[in-house]
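1. can you look at this prediction? I've put the sequence above it.
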Amino acid sequence: MLELRDIRKSYGSLTVLSDITLSIGSNEIITIVGPSGAGKTTLLQIAGTLDRPDSGKVIYDGEEISLLGDKRLSHFRNSNIGFIFQFHQLLPEFTACENVALPAMIGGMSKKKAMQKASELLDMLGLSERKRHKPAEMSGGERQRAAIARALINDPKVIFADEPTGSLDSRNRDEIRDVIASLRERLGQTFVIVTHDPTMTTIADRVITMADGRIISEEDRRIIDPLPE
């Protein structure tokens with residue numbers, strides 16, 4: 001579904017990514033781990049089209065989207081990619097339902113339909129009683145679940161999550177991890193997660209380890225059935 005080929009990125013004289021090649025399939029959970037400064041977030045931003053590589057290709061379903069102009073790229077991002085950040089980034093003046101519906105309305109969906117879909121997603125994520133609450137009236141775990149609903153509103157091909165449990169206590173951390181695992185099972189959703197949380201890797205199909213702007217190892221944790229005798 002997604003291919004990164006020979007990605008390089010520098011800021012001035014600082015090389016952040018060197019020769020990154022990575023393929024991501026549908027219905028996968030991939031975690032990217034490594035020390036601070038390894039290039040994990042930069043890789044996530046380039047894969048999510050929030051930044052452009054200096055060289056290399058970003059290919060979705062055979063289309064090299066790194067060649068698209070800013071307007072077409074913005075439309076592609078809104079239609080195909082969801083984001084979850086360490087801090088929920090919900091707008092404080094809007095309710096949970098309004099926050100979730102916003103990306104759909106930006107994409108051209110009517111307010112009525114967007115609010116209905118947002119309501120259904122919040123129901124699915126256990127936030128039926130919080131739809132009309134503003135972020136300040138919600139717990140940290142509830143805000144992050146609302147952020148996950150917002151990432152899902154446009155039925156994205158892939159969701160990129162940057163430290164989605166980084167600001168949460170252990171109970172809410174475990175809750176968000178389990179939500180992500182269940183969404184993969186229920187919706188077939190693909191997640192690419194940058195994390196320092198070792199418990200997050202327990203739900204991953206593959207664990208990608210980075211250091212000094214490079215992928216240094218890849219661990220496949222999928223259980224492969226043995227061939228019949």
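-> Arrived safely, thanks for sending. Numbering: from 1, shown residues only.
2. so in the chain, which helix runs the longest?
-> In the chain, with assignment by DSSP state H, the single longest helix is helix 170-187.
3. in it, what counts as buried?
-> Residues 172-177, 179-181, 183-184 are the ones in helix 170-187 that count as buried (16 or more other C-beta atoms under 10 Å). C-beta here means a position set from N, CA and C on the backbone, and glycine is covered the same way.
4. try stretch 187-206
-> For stretch 187-206, burial by neighbour count (16+ other C-beta under 10 Å) applies to 189-195, 197, 200-201, 203-206.
5. now it: mean pLDDT?
-> Across stretch 187-206, the average pLDDT comes to 89.
6. can you give me how far that stretch is from the chain middle?
-> On the basis of C-alpha atoms, centre = their mean, to the nearest Å, stretch 187-206 sits 10 Å off its chain's mean C-alpha point.
7. what is the nearest of the buried residues of helix 170-187 to residue 128?
-> residue 179 (14.8 Å; C-beta to C-beta).
8. show me the beta-bridge partners of the spatially most central residue of the chain.
-> The chain has residue 160 as the residue nearest its centroid, 1.6 Å off, counting by C-alpha atoms, centre = their mean. For residue 160, the beta-bridge partners are residue 83, residue 192 (DSSP bridges).
9. my guess is it contacts residue 47. True?
-> Yes - using C-beta atoms under 8 Å, residue 160 is in contact with residue 47, at 6.6 Å.
10. identify the contacts common to the two.
-> Contact criterion C-beta atoms under 8 Å, 6 or more residues apart in numbering; residues shared by residue 160 and residue 47: residue 192.
11. list the contacts for the closest residue to residue 187 other than its chain neighbours?
-> Closest residue in space to residue 187, ignoring its immediate chain neighbours: residue 152 at 7.5 Å, by C-beta to C-beta, 6 or more residues apart in numbering. Neighbouring residues of residue 152 by C-beta under 8 Å, 6+ apart: 82, 121, 159, 183, 187, 189.
12. same check, this time on residue 107
-> 78-79, 154.
13. would you turn those into JSON lines with distance to residue 142 and secondary structure?
-> JSON lines is the format used below for the contacts of residue 107 (distance: C-beta to C-beta, whole Å; DSSP: H, G, I helix; E, B strand; the rest coil):
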{"residue": "78", "distance to residue 142": "25", "secondary structure": "helix"}
{"residue": "79", "distance to residue 142": "27", "secondary structure": "helix"}
{"residue": "154", "distance to residue 142": "22", "secondary structure": "coil"}
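14. dump those residues to CSV, plus neighbour count, pLDDT and distance to residue 105.
-> Below are the contacts of residue 107 laid out as CSV (neighbours: other C-beta atoms under 10 Å; pLDDT from 0 to 100; distance: C-beta to C-beta, whole Å):
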residue, neighbour count, pLDDT, distance to residue 105
78, 16, 85, 11
79, 14, 86, 13
154, 20, 91, 10
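15. so residue 148 versus residue 212, what's the distance?
-> Residue 148 sits 31 Å away from residue 212, going by C-beta to C-beta, to the nearest Å.
16. likewise for residue 122?
-> Distance, residue 122 to residue 212, using C-beta to C-beta: 41 Å.
17. neighbour count winner among these two?
-> residue 122 (25 against 14; other C-beta atoms under 10 Å).
18. in JSON lines: the buried residues of stretch 187-206, plus secondary structure and distance to residue 25.
-> JSON lines is the format used below for these (DSSP: H, G, I helix; E, B strand; the rest coil; distance: C-beta to C-beta, whole Å):
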{"residue": "189", "secondary structure": "coil", "distance to residue 25": "12"}
{"residue": "190", "secondary structure": "strand", "distance to residue 25": "8"}
{"residue": "191", "secondary structure": "strand", "distance to residue 25": "12"}
{"residue": "192", "secondary structure": "strand", "distance to residue 25": "11"}
{"residue": "193", "secondary structure": "strand", "distance to residue 25": "15"}
{"residue": "194", "secondary structure": "strand", "distance to residue 25": "18"}
{"residue": "195", "secondary structure": "coil", "distance to residue 25": "20"}
{"residue": "197", "secondary structure": "coil", "distance to residue 25": "23"}
{"residue": "200", "secondary structure": "helix", "distance to residue 25": "19"}
{"residue": "201", "secondary structure": "helix", "distance to residue 25": "18"}
{"residue": "203", "secondary structure": "helix", "distance to residue 25": "16"}
{"residue": "204", "secondary structure": "coil", "distance to residue 25": "13"}
{"residue": "205", "secondary structure": "coil", "distance to residue 25": "9"}
{"residue": "206", "secondary structure": "strand", "distance to residue 25": "10"}
